[in-house]
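Asks: predicted model and sequence follow; I will ask about them next.
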Amino acid sequence: MKNGIIASGAILQYLDMTQHHQIGHITSLSRIEEDRYVRLDKFTVRSLELLGSMNDGGTSLLNVIDKTISPMGARLLKRWVVFPLKDEKPINERLNVVEFFFRDPDFKEFVEEKLHLIGDLERIVSKAAVGRISPREVVQLKVALQAIEPIKNACLNADNESLRKIGEHLNLCESIRDRIAREIKNDPPLMVNKGGVIADGINAELDELRQIAYSGKDYLLKMQQRESELTEIPSLKIAYNNVFGYYIEVRNTHKDKVPAEWIRKQTLVNAERYITQELKEYEEKILGAEDKILSLETKLYSDLVIELAEYIPAIQINATQIARLDCLLAFANVAKEYRYIRPVIEDSNIIDIRQGRHPVIEKQLPVGEKYVANDVLLDADSQQIIIITGPNMAGKSALLRQTALITLMAQIGCFVPAESARIGLVDKIFTRVGASDNISVGESTFMVEMNEAADILNNLSPRSLVLFDELGRGTSTYDGISIAWAIVEHIHEHPKAKARTLFATHYHELNEMEKSFKRIKNYNVSVKEVDGKVIFLRKLERGGSEHSFGIHVAKLAGMPKSIVKRANTILNQLESDNRQQGISSKPTAEIAANRDGMQLSFFQLDDPVLCQVRDEILNLDVNNLTPLEALNKLNDIKKIVRGK
Amino acid sequence: MAKDVVMTPMMKQYFELKEKHPDAVMLFRCGDFYETYSEDAITAANILGITLTKRANGQAKHVEMAGFPFHALDTYLPKLIRAGKRVAICDQLEDPKLTKKLVKRGITELVTPGVAINDNVLSYKENNFLAAVHFGKSACGIAFLDISTGEFLTAEGPTDYIDKLLNNFAPKEVLFERGKQGMFEGNFGNKFFTFELEDWVFTETSSRERLLKHF
């Protein structure tokens, strides 16, 4: 761990440099144990859209399942999503708790209600360590600690081992909690220097000073009454401002009644302000008391914060336990709201998902449209590799991602969108999905793709789950097919690692592999063709598919008709030639020849009217035409175009 | 930098402090205001949208200045941090009432994107990690710290594992040894906010000592 130690030390030294010396809340340094978590490479995190969407405005898995209440929970959940577990026991512990919440809604609601009170315990306590905690945050801390008590009791009584463990770890920190409750007023100001933080009856000196300040003001009121009677000025007022302190204000109408010993301080448009000896004495007493109150309150408050600092480790443990509880509660709520089920986690190499759904896409569908659920079965003995073919837009990519997401969710300890799921633990999830080029770094689309594929093949393990979506599409067809074929073969024939693999492709040639490799199975996402139109059924079925319907999709996308038509012709020709000659020689030269003289022709447009116009013009003998006839002809053509 | 600034006693103090963190914007507490001078003022005025003005500085000389009232620190500081600036906060260290001479000042905090405690800078749903990367001979070491929660983690492994961790934790600031910029960007890309530290920081003895001192 030499390098890790150096890096950690560097961080602390950097804190020194940035003048952060109060770091008592950094209580431990822990190693990230790589071998406890599923290996997800960064491509996978990105392409499965776990944390953020690849497109602006898209939704990620985290967005869908994040129903956490406290900020600590939200932060922990984010961590959980990118660090799925790979051991059966901890996963089942989490699932047990989720199930418990699910079965005991009263308990869930009770905990939920209390969780709302807790707030950002973790950050508040860190602020206490840094000495920057505000009185309001101290009160929030107290509220949180008070809310923890019923949670602790409920957890201790719960019929679930993990919950009981959480309950045991929760520390009520009673003495500090009660001290806060006793000493700090319930609705304190944001900053200590505003005063009014410390409750009455805590410090005798403080109470006395407050008495003086308060009764002093009382006294001023009496004085105002007395002076008013003495001088017979009914509108006489005693007031305060920052410049002159306390003063007596007299309206100009009564100016002549002012006693001679009053000292004039300020003249306003319609009033004059005076001070007297007596008033000044009182002012000093009151202001002095207020000053003292402030400094005393600040001192008492910092004493409290110092004691609070001793509870930091305990409160931090509380925060992590609460975060855990919050995440599991969120899972239970997600499961209930979106109809998820508990997956069966087992130590095998099977993935058997019945009627699985894509957790994110399912939420994006317009109201009334139902997500078509699909079964996926992968197991290392008979169905290790599934080759999925099928038209564009049929949902191959969604199916691939949904399988990975369901596996991943199961290993986070979350329920999954399916009717039933048996997940044999996965230790690595690899994906090679979608195209993302890295032009800025100087890598082409294909290079990126090959890099990622190489990374996958070099790191395969028996328990890996591998997803390839349209591998090899970034290069010429034959190169692509060859690479794809070789990779599938490699995974199938790998002596040690029988990695479970889903392979979506448009290379129907790969369907041939089923015949020669026994653990490769062909599936297709079905469509129906009715009157030349394609209906997407989005159902996964056994067997390969013949067509990709790419041209159909192009038509849907609004491609010009002429292009669609031409593409269809080329396709037919290619396919028929293909049948005759096998894969090896595609008569592209012939295709190119066939388009001679047509491409740029204006009349290539398939409009019968235009064809007629063309014929008219072609049949003209310009040499035998008088100007008048020419004009008439032009008129005829105009009529044709007008449709008469 | 700013050689034509006349060295009044306060400006002298300013530049002495500024020298310690030349790469940070320095907020210089001056009575009820935090002020920035010279080049910092131009940067700050741009980012914060506050008026850039001038301060009379000796005979017929001016220095650029921009500032805001001290209680507005919570509004303006996050803006600077989000703009990717490092900010040194320089406070008055003694009560101006008690001294007749120039008030003593010192840097009380250096706020950087990775080291932030202020609620306005932090996003409550995310950790705010500071990371340090050390390139060892055979493997790479990494540490993550969220000062706002006290979480402190470390790991070691080949660069692709470190790359993965960097992506998963998404630190707001990454530290590495001076002169390793090319190595860092080659391995982990250039989308992180980075800061280079002197190489003596990344030695085993100094790190070990610092860790033992803390724990």
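Replies: Structure received.

Asks: C-alpha only now, for contacts and for neighbours.
Replies: Noted.

Asks: and A:Arg473, how far from chain B?
Replies: Plainly put, A:Arg473 is 26 Å away from chain B if you go by C-alpha to the nearest C-alpha, to the nearest Å.

Asks: what's the answer for A:Thr276, then?
Replies: Taking C-alpha to the nearest C-alpha, one finds A:Thr276 at 28 Å from chain B.

Asks: one more: A:His490?
Replies: Taking C-alpha to the nearest C-alpha, one finds A:His490 at 23 Å from chain B.

Asks: helix/strand/coil for A:Cys414?
Replies: Here A:Cys414 is coil, with the state taken from DSSP: H, G, I helix; E, B strand; the rest coil.

Asks: show me what counts as buried in the longest helix anywhere in chain A.
Replies: In chain A, assigned by DSSP state H, the helix with the most residues is helix A:277-310. In terms of neighbour count (16 or more other C-alpha atoms under 10 Å in any protein chain shown), helix A:277-310 has its buried residues at A:279, A:282-283, A:285-286, A:289-290, A:292-298, A:300-301, A:304-305, A:308-309.

Asks: can you check stretch A:482-499 too?
Replies: A:483-485, A:487-488, A:491-492, A:497-499.

Asks: among the residues you listed, which lie within helices?
Replies: A:483-485, A:487-488, A:491-492.

Asks: picking up where we left off before, tell me which helix or strand comes right after the longest helix of chain A.
Replies: Helices and strands here follow DSSP states H and E; after helix A:277-310, the next one along the chain is helix A:312-338.

Asks: give the rounded mean pLDDT of that following helix.
Replies: Mean per-residue pLDDT for helix A:312-338: 92.

Asks: same for the following helix or strand past it, what does it pack against?
Replies: Next along the chain after helix A:312-338, taking DSSP H and E as the criterion, comes strand A:344-346. Packing contacts for strand A:344-346, counted by 3 or more C-alpha pairs under 8 Å, 6 or more residues apart in numbering or on different chains; DSSP states H and E, involve helix A:88-103, strand A:420-424.

Asks: given strand A:344-346, what are its sheet partners and their directions?
Replies: Sheet pairing here is set by DSSP bridges, and for strand A:344-346 it gives strand A:420-424 (parallel).

Asks: what residues sit buried inside the strand it pairs with?
Replies: Applying 16+ other C-alpha under 10 Å to strand A:420-424 flags A:420-424 as buried.

Asks: how far off centre is the lowest-mean-pLDDT helix or strand in chain B?
Replies: Counting by mean pLDDT, DSSP states H and E, chain B has its least confident helix or strand at strand B:53-56, which shows a mean of 82. How far strand B:53-56 lies from its chain's middle: 25 Å, per C-alpha atoms, centre = their mean, to the nearest Å.

Asks: how about it as PDB, C-alpha atoms only?
Replies: The C-alpha coordinates for strand B:53-56 follow below in PDB (Å, rounded to 0.1, in the frame of the first residue of the first chain):
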ATOM      1  CA  THR B  53     -13.000  50.400  -9.700                       C
ATOM      2  CA  LYS B  54      -9.800  52.000  -8.700                       C
ATOM      3  CA  ARG B  55      -8.200  52.800  -5.400                       C
ATOM      4  CA  ALA B  56      -6.100  55.800  -4.900                       C
END
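
Asks: quick check: buried residues in it?
Replies: So strand B:53-56, judged by 16+ other C-alpha under 10 Å, has buried residues B:Thr53.

Asks: remind me which residues of the stretch 351-500 of chain A are low pLDDT?
Replies: A:434-443 (pLDDT under 70).

Asks: now the helices: where do they sit in the stretch 151-300 of chain A?
Replies: Using DSSP state H, counting those that start in this stretch, the helices of the stretch 151-300 of chain A run over residues A:161-169, A:174-183, A:204-231, A:277-310.

Asks: can you tell me which of those helices has the worst average pLDDT?
Replies: helix A:204-231 (a mean of 82).

Asks: and the angle for that helix with helix A:277-310?
Replies: Interaxial angle, helix A:204-231 versus helix A:277-310 (axes from the mean of the first three to the mean of the last three C-alpha atoms, to 10 degrees): 160 degrees.

Asks: show me which residues of helix A:204-231 are buried.
Replies: For helix A:204-231, burial by neighbour count (16+ other C-alpha under 10 Å) applies to A:206, A:209-210, A:212-213, A:216, A:220, A:223-225, A:227-228.

Asks: now, the most widely separated pair of those residues?
Replies: Distance extremes for those: the farthest pair is A:Leu206 and A:Ser228 at 32.8 Å, using C-alpha to C-alpha.

Asks: what sits against A:Lys521?
Replies: If you count contacts by C-alpha atoms under 8 Å, 6 or more residues apart in numbering or on different chains, A:Lys521 has them with A:383-387, A:514, A:543.

Asks: looking at these, which are in helices?
Replies: A:Glu514.

Asks: let me see the domain layout of the chain.
Replies: As the question left the chain open, I've gone with chain A. Here the domain parsing of chain A from automatic domain parsing is A:1-31, A:204-303, A:344-548, A:561-593, A:602-642.

Asks: the intended chain is chain B.
Replies: Taken from automatic domain parsing, chain B resolves into B:9-111, B:130-214.

Asks: nearest to A:Asp352 among the ones you listed would be which one?
Replies: Of all these, domain B:130-214 sits nearest to A:Asp352, with 28.5 Å by C-alpha to C-alpha.

Asks: just the endpoints, please. Distance across the closest one?
Replies: End-to-end distance of domain B:130-214: 18 Å, with C-alpha to C-alpha, to the nearest Å as the criterion.

Asks: that domain - what's its average pLDDT?
Replies: Mean predicted lDDT for domain B:130-214 stands at 87.

Asks: so which of the domains of chain A comes closest to A:Glu112?
Replies: Nearest of the domains of chain A (C-alpha to C-alpha): domain A:344-548, 17.6 Å.

Asks: the residue of the stretch 451-600 of chain A found nearest chain B: neighbouring residues, count only.
Replies: As assessed by C-alpha to the nearest C-alpha, chain B sits closest to A:Asp455 within the stretch 451-600 of chain A, at 10.0 Å. By other C-alpha atoms under 10 Å in any protein chain shown, 14 other residues sit near A:Asp455.

Asks: next: A:Leu29.
Replies: 18.

Asks: which residue packs closest to it, ignoring adjacent ones?
Replies: The shortest distance from A:Leu29 to any non-neighbouring residue, by C-alpha to C-alpha, 6 or more residues apart in numbering or on different chains, is to B:Phe152 (4.9 Å).

Asks: now the residue nearest the centre of chain B: how far from B:Gln13?
Replies: The structure's chain B has its C-alpha centroid closest to B:Arg86; by C-alpha atoms, centre = their mean the separation is 3.2 Å. Taking C-alpha to C-alpha as the measure, B:Arg86 falls 20 Å from B:Gln13.

Asks: same deal with A:Cys327?
Replies: Counting by C-alpha to C-alpha - A:Cys327 and B:Gln13 are separated by 52 Å.

Asks: that concludes my questions; thank you for your assistance.
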